[in-house]
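**Student:** what follows is a predicted protein model with its sequence.
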Amino acid sequence: MSTVTTDICIIGAGPVGLFAVFEAGLLKMKCHVIDALPQVGGQLSEIYPKKPIYDIPGFPSILAGDLIKNQMEQIAPFHPTFTLGERVEELEKLEDGSFKVVSSEGTEIFCKVVVIAGGLGSFEPRKPAIENLANYEGGKGVNYMILDPEHFRDKRVVLAGGGDSALDWAIFLADVAKELTLVHRGTTFRGAPESAAKVTSLAEEGHMRLLLKSNVTEVHGNGQLEAVTVVPDGADAYQIETDYFIPLFGLVPKLGPLENWGLELDKSAIVVNTFDYSTNIPGVYAIGDINTYPGKLKLILCGYHEAALMAQSAYNVIYPDKKFVLKYTTVNGVPTL
Amino acid sequence: MQEDITVYVETATGERVEVLIPTDMGLSLMEGLKANELDILATCGGMALCATCHVELLQAPELPEPSDDELYMLENLPNLTDSSRLSCQIKVTPALNGTVLRLKGND
Ligand SMILES: Cc1cc2nc3c(=O)[nH]c(=O)nc-3n(C[C@H](O)[C@H](O)[C@H](O)COP(=O)(O)OP(=O)(O)OC[C@H]3O[C@@H](n4cnc5c(N)ncnc54)[C@H](O)[C@@H]3O)c2cc1C
Ligand code: FES
């Protein structure tokens, strides 16, 4: 559990949350960014990193993954800090008007302004319909994301899934885990061919076990996970002893806890004032795909604009006595923090 | 003008909701369902990248085989069934009239 103190806490590390760091930085406000995903980039990294985007001004075409890489470079001078792989659960207004933001892992962020750039919601794993699976979540053997691969060193691990993330982690963990099994329902892997070839050869060389045309259907243990049941197509079920079971079936965005923070919502989006993208809670702003107002377009471009207007309003909250003066970045270059 | 087709969406309780979809607008089945305000996210807008438009076809005509991209997404869903498809990859045609399906994208 850790504690962070900052000017602005940005919830969501998508393109819009990242650009908010830049706009805040120009006004010398420090940001801490938190995201439920283990990586930055929101939808661009999670859903379409290899797809070109054609409507970013100044870029006739740019891969979504490259846009995020460039944005990280652009905000580096402001030294933002990050908490990744943790979902924000609570937003509390303190007596002095500042805020406490609490994550799923108990991280506490104290800040003067909260900017919700939560997109379509926090990305949550798709979970297989296995009875009692939830009993082993939260450190008891079932994980849906791999935050720190070292956690699995010299352990027995069963991965399920056949997508690129399952392949990438299988390749990585083959070296780390004591015993690695990949269970995939298909006969082939349709993802990146190099990764598929690598997994096949790792299995042939005995560095991991590959179970094709198979499904994990049960989990067993006594408080802690001990084994999973594997059912091959048209054959008898059997058990594999294991310390960890990690189903990797992709992620879906879910609005999640922010429904309960007292914000005015309209169809799963936060209602804002287009003057400065403030919400009904003073000091809390909402920008990007998560907000709604008459004429809203869910585009990256629009989120960037919202970030700029939000930042000058946030400046007035954080420095009520100072007067905001717009400076072009071309005049003084980018200041650092 | 071509007639609309009727598609039936079976709810969790087994009821069938009737949905009218025009065939002359070049819609995908996902777009037709969404236009009827059914609960489909379709996060990726029909690029076979998100699987939030996953449907199980309970009764449907013979359809063109799914593409490799679609199969890739389907294979990696925990709740895949033998008649699962991504509705954004299915073109609305008159042949689809009478199709019965279940929405699986939010499971
Ligand atoms: C396939 C596809 C193609 C697209 N093409 C284009 C295009 O060409 N041009 C264009 O302008 N737009 C396009 N879009 C839309 C664009 O991706 C979105 O407008 C953009 O991602 C919105 O950015 P954001 O920062 O608001 O949110 P997101 O990118 O959704 O990021 C939000 C982040 O917030 C996190 N989060 C939410 N709630 C919490 C919480 N409680 N705790 C912790 N973290 C949380 C989520 O995990 C997520 O990472 C496309 C989208 C898709 C899916
Ligand atoms: S809408 Fe995303 S896969 Fe169909």
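**Tutor:** Right, received. Where do you want to start? This structure is a prediction, so every number in the text was calculated from the model and none was measured. Ligands and ions are numbered 1, 2, ... in the order given.
**Student:** give me the most central residue, chain A.
**Tutor:** Centroid-nearest residue in chain A, with CA atoms, centre = their mean: residue A:37, separated by 2.0 Å.
**Student:** equivalent analysis for chain B, please.
**Tutor:** Nearest to the mean C-alpha position of chain B, by CA atoms, centre = their mean, lies residue B:87 at 3.0 Å.
**Student:** Provide the secondary structure category for the residue nearest to the centre of chain A.
**Tutor:** Using DSSP: H, G, I helix; E, B strand; the rest coil, the structure places residue A:37 in coil.
**Student:** equivalent analysis for residue A:228, please.
**Tutor:** When classified by three-state DSSP, residue A:228 comes out as strand.
**Student:** then residue A:239?
**Tutor:** Secondary structure state of residue A:239, per three-state DSSP, is strand.
**Student:** domain assignment for chain A?
**Tutor:** A:3-123+A:252-332, A:127-249 (automatic domain parsing).
**Student:** does ligand 1 sit close to the shortest one?
**Tutor:** No: no part of domain A:127-249 sits close enough to ligand 1 to count as contact by CB under 6 Å from any ligand atom; the gap is at least 11.1 Å. To be clear about C-beta, it is placed using only N, CA and C from the backbone, and glycine gets the same treatment.
**Student:** ditto for the first one
**Tutor:** Yes: counting by CB under 6 Å from any ligand atom, ligand 1 is contacted by domain A:3-123+A:252-332 at A:11-17, A:34-37, A:42-44, A:47-48, A:53, A:55, A:87-88, A:117-123, A:256-258, A:288-290, A:298-301, A:303.
**Student:** which of the residues you listed count as buried?
**Tutor:** With burial judged by 16 or more other CB atoms under 10 Å in any protein chain shown, the buried subset of these is A:11-17, A:34-37, A:42-44, A:47-48, A:53, A:87-88, A:117-123, A:256-258, A:288-290, A:298, A:300, A:303.
**Student:** what ranges do the strands span in the stretch 1-150 of chain A?
**Tutor:** Using DSSP state E, counting those that start in this stretch, the strands found in the stretch 1-150 of chain A span residues A:3-11, A:31-35, A:52-53, A:62-63, A:81-84, A:88-93, A:99-103, A:108-116, A:122-125.
**Student:** winner for burial among those?
**Tutor:** Counting by mean count of other CB atoms under 10 Å in any protein chain shown, strand A:31-35 has the highest mean neighbour count of those, with a mean of 25.
**Student:** against which helices or strands is that one packed?
**Tutor:** strand A:3-11, helix A:15-26, strand A:81-84, strand A:108-116 (3 or more CB pairs under 8 Å, 6 or more residues apart in numbering or on different chains; DSSP states H and E).
**Student:** still on that earlier bit, ok, the residue nearest to the centre of chain A touching residue A:45?
**Tutor:** Yes: look at residue A:37 against residue A:45 with CB atoms under 8 Å: they come within range, at 7.3 Å.
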